[in-house]
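Dropping the sequence and predicted coords here.
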Amino acid sequence: MSGLDYLILTVYMVVVCGIAALFAGRQKSLKDYFMGDNNIPWYAAAFSGVATIASAASFLGGPGVAFSGNLQFLQYRLAMPLVLGIICGIILPMFFRLQLYSIYEYLERRFDVRVRLLASGLFLLLKASYLAICIYAPAIVLARMSGISIVWIVILVGGITALYTMVGGIKAVIWTDTMQLAIYLGTIALVLWLICRQVPGGSSEVIRIADENGRLSFFNFSFSLTQPYTFWAGLLGGTVFTISQFGVDQAEVQRYLTTSNVRQSNIAMVSSMIAAALVGLSIFGIGVALFAFYHTHPEKLVGETVGPNGVFPKFIIEELPSGARGLLVAAILAAAMSTISSVLNSMATVVLSDFWPRLRKSVPGVSAGRWCTVVIGTLTTGLACFGGRFGNILEASILIGNLFGGSLVGTFLLGMLVRRVTARGALIGMICGFASAIYFWRGTDVASLWYGFFSMIVVFAVGTVVSLFEPAPDRTKLGGLVVGEKEVA
């Protein structure tokens with residue numbers, strides 16, 4: 001990298017740390033540290049939500065999927081209207097009304113503490129695995145550009161992000177996310193323009209080449225359960241996967257609960273999900289454009305075997321001019337750090353809200369939140385050092401989400417929609433749902449997008465059947481916890 005590239009990266013890091021410093025020491029309570037005292041504007045919560053979803057794994061892995069395949073991966077976005085109806089109509093209003101730090105507290109109120117702790121544990125396992133991918137992703141590019149070991153870059157990225165998250169709390173996370181998203185979006189537009197400019201004939205030729213070679217194929221109406229991306233997997237599996245991302249994931253929901261009322265929360269959710277869909281399409285557009293570029297310049301791939309994770313980094317290193325290279329690396333760091341900071345903050349929230357009261361008699365304060373953030377950051381950074389074993393980083397993140405997400409979605413919706421379900425039914429249902437996802441992963445050829453859908457069905461089926469053999473829950477205690485059940489005055 002040139003001196004200009006390093007200057008851009010230095011300025012980026014200084015600005016990120018400066019924003020965190022603005023909020024350092026201002027948190028007077030754990031509520032302020034984790035919830036921003038419920039005065040975050042909806043647009044900042046929405047931008048933060050998009051930044052959390054738009055990780056470096058997406059930024060680097062998405063182009064690789066489109067380059068080597070097509071756009072069928074994006075079919076799961078077709079589930080968005082149904083997802084928004086469920087989240088904005090059922091899930092968010094209930095969480096907002098209950099004023100929760102940890103959304104898993106709902107499961108204790110509806111069922112019992114065992115269900116809450118199991119769900120919280122699954123969330124922590126899910127996010128620890130996902131966070132390792134997010135920390136590892138930018139190191140792929142930085143290591144190739146700088147010659148520094150991937151391990152040291154992983155430690156640097158994870159350490160800096162944990163530091164500013166620890167210092168500034170949720171407000172620092174949200175406002176740095178907002179700035180990082182602006183860099184991310186601007187860079188996507190710049191990269192698309194730069195690639196198309198290097199293809200004779202420009203964007204129209206890019207589209208023609210991509211179309212002729214099947215890279216613009218979107219729909220696949222096959223009923224096969226083994227094909228990775230089909231319309232039906234996108235519609236059914238995509239519904240469960242997206243709810244697990246936006247509706248029952250502390251890292252996302254926590255942003256929307258920092259707004260002042262449920263209407264602002266819903267506006268932020270809708271805006272965030274629509275923006276995330278457009279960002280995803282743009283990222284895949286980079287992969288399509290890269291295919292057209294290397295199709296036009298095949299000599300640039302002669303003698304090389306470039307995997308899905310390597311095609312975008314190769315273009316960055318070999319084709320981008322000085323300055324643009326630094327800006328793009330800053331965007332990759334922005335994508336990674338926005339996700340890492342949000343997930344770290346949410347994991348610390350869950351640990352202190354769900355597990356601390358069972359282990360310690362003292363009430364946790366802001367210092368406990370900070371130390372918890374550092375410990376989780378250290379552990380997940382260590383896990384990220386083994387990131388080379390993940391395969392395609394985007395597909396690995398989708399796999400992880402589907403392994404854990406279906407049982408969590410099933411348990412929450414079971415509690416909110418079925419008043420007859422008991423605590424034991426929900427507990428056994430969640431265990432069986434997660435076990436079924438593991439079985440589908442290790443014991444079958446079923447595509448990963450189906451794991452979450454089938455495990456949710458197992459949760460509903462097992463939870464309902466087990467509950468039928470037990471006394472029905474006291475309806476007077478279900479007020480405000482089940483749709484249609486009003487709170488008893």
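Nice, thanks for sending it over.

centroid residue for the chain?
For the chain, the residue nearest the mean C-alpha position is Ile53 (4.0 Å; C-alpha atoms, centre = their mean).

so what's that residue closest to, chain neighbours aside?
Ala276 (4.8 Å; C-beta to C-beta, 6 or more residues apart in numbering). (C-beta placed from N, C-alpha, C; glycine too.)

quick one: contacts for the one you found?
Gly49, Val50, Ile53, Ala54 (C-beta atoms under 8 Å, 6 or more residues apart in numbering).

State the distance from it to Ser55.
11 Å (C-beta to C-beta, to the nearest Å).

And for Val465?
The gap separating Val465 from Ser55 is 38 Å, by C-beta to C-beta.

And the two? Which one has more around it.
Ser55 (30 against 12; other C-beta atoms under 10 Å).

what's the distance between that one and Val375?
22 Å.

Next: Leu327.
Taken as C-beta to C-beta, the span from Leu327 to Val375 is 33 Å.

And Val366, by the same measure?
15 Å.

Kindly report the same for Phe95.
27 Å.

Between those two, which has more neighbouring residues?
A direct count of neighbours by other C-beta under 10 Å for Phe95 and Val375 places Phe95 higher, at 23 against 15.

ok, the more buried one touching Arg255?
No - the pair Phe95 and Arg255 fails to qualify as a contact (C-beta atoms under 8 Å) at a distance of 12.0 Å.

Following element in sequence after the host helix or strand of Ala268, please.
Here Ala268 sits within helix 262-296, counting by DSSP states H and E. Proceeding N to C from helix 262-296, the next assigned helix or strand is helix 311-319, under DSSP H and E.

what sits up against that next one?
60, 63-64, 67-68, 140-141, 144-145, 194-195, 198, 286-287, 290, 293-294, 300, 304, 306, 325, 328-329.

What residues sit buried inside that helix?
Val311, Phe312, Pro313, Lys314, Phe315, Ile316, Glu319 (16 or more other C-beta atoms under 10 Å).

Same question for stretch 174-189.
174-181, 183-185, 187-188.

That stretch: how far from the chain's middle?
Here the centre of stretch 174-189 is set off from its chain's centre by 16 Å, with C-alpha atoms, centre = their mean, to the nearest Å.

Going along the chain from the helix or strand bottoming out on mean pLDDT in the chain, find the next helix or strand for me.
Least confident helix or strand, the chain: helix 30-35 with a mean of 67, by mean pLDDT, DSSP states H and E. Counting by DSSP H and E, the next helix or strand C-terminal to helix 30-35 is helix 42-53.

So which bits of whichever helix or strand comes after that next one are buried?
Downstream of helix 42-53, the first helix or strand assigned by DSSP H and E is helix 56-68. Residues of helix 56-68 classed as buried: Ala56, Ala57, Ser58, Phe59, Leu60, Gly61, Gly62, Pro63, Gly64, Val65, Ala66, Phe67 (neighbour count, 16+ other C-beta under 10 Å).

would you turn those residues into TSV with pLDDT and distance to Ala268?
Putting the buried residues of helix 56-68 into TSV (pLDDT from 0 to 100; distance: C-beta to C-beta, whole Å) gives the following:
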residue	pLDDT	distance to Ala268
Ala56	70	23
Ala57	73	23
Ser58	80	20
Phe59	80	22
Leu60	77	27
Gly61	81	26
Gly62	87	24
Pro63	89	28
Gly64	86	31
Val65	88	28
Ala66	91	29
Phe67	91	33
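
from those residues, which single one is nearest Ser407?
Closest to Ser407 out of the buried residues of helix 56-68 is Ala57 (22.2 Å), distances taken as C-beta to C-beta.

so what's the closest residue to that closest one other than its chain neighbours up against?
Spatial nearest neighbour of Ala57, chain neighbours left out: Ile393 (4.3 Å); criterion: C-beta to C-beta, 6+ apart. Applying C-beta under 8 Å, 6+ apart to Ile393 gives the contacts Ala57, Leu60, Gly61, Ile133, Tyr136, Ala137, Ile140, Asn309, Gly387.

Ok, Leu192 next?
Applying C-beta under 8 Å, 6+ apart, the residues near Leu192 are Ser282, Gly285, Ile286, Ala289.

repeat for Tyr76
Tyr76 is in contact with Tyr229, Ala233, Gly234, Leu235, Gly237, Gly238, Phe241, Thr242, Leu449, counting by C-beta under 8 Å, 6+ apart.

For these, which two are the farthest from each other?
Taking C-beta to C-beta, no two of the contacts of Tyr76 sit farther apart than Tyr229 and Thr242, at 14.6 Å.

need the contacts of Leu192 in CSV with distance to Leu100, can you?
Output for the contacts of Leu192, formatted as CSV (distance: C-beta to C-beta, whole Å):
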residue, distance to Leu100
Ser282, 34
Gly285, 38
Ile286, 38
Ala289, 43
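
Of these, which is the nearest to Met456?
Lowest distance from Met456 to those (C-beta to C-beta) belongs to Ser282, with 29.8 Å.

Could you check which helix or strand contains Ala396?
helix 393-417.

what's the closest non-adjacent residue to Ile243?
Nearest non-adjacent residue to Ile243 (C-beta to C-beta, 6+ apart): Val409, at 5.0 Å.

go on, Leu379?
Ala128 (7.0 Å).

List buried residues within the contacts of helix 311-319.
Buried among the contacts of helix 311-319 by 16+ other C-beta under 10 Å: 60, 63-64, 67, 140-141, 145, 194-195, 286-287, 290, 293-294, 306, 325, 328-329.

Correct me if wrong: Phe434 contacts Phe404.
Yes - applying C-beta under 8 Å, one finds Phe434 in contact with Phe404, separated by 7.2 Å.

Could you tell me which residues touch both of these two?
With C-beta under 8 Å, 6+ apart as the test, Phe434 and Phe404 both reach Leu122.

Look at those two and report which has more neighbours.
Neighbour totals were compared for Phe434 and Phe404, and Phe404 leads with 26 against 23 (other C-beta under 10 Å).

how near is the residue nearest to Ile53 to Lys486?
34 Å.

Tyr43 too?
In terms of C-beta to C-beta, Tyr43 sits 33 Å off from Lys486.

And for Gly280?
To Lys486, Gly280 is 39 Å away according to C-beta to C-beta.

Between those two, tell me which one has more neighbours.
Gly280 (18 against 9).

Val66 touches Ser282, doesn't it?
Let me fix one detail, which is that residue 66 is Ala and not Val. No - using C-beta under 8 Å, Ala66 is not in contact with Ser282; the gap is 10.8 Å.

ok and the longest helix seen in the chain relative to helix 262-296, angle-wise?
Ordering each helix of the chain by length in residues (DSSP state H) puts helix 150-197 first. On the basis of axes from the mean of the first three to the mean of the last three C-alpha atoms, to 10 degrees, helix 150-197 is oriented at 70 degrees to helix 262-296.
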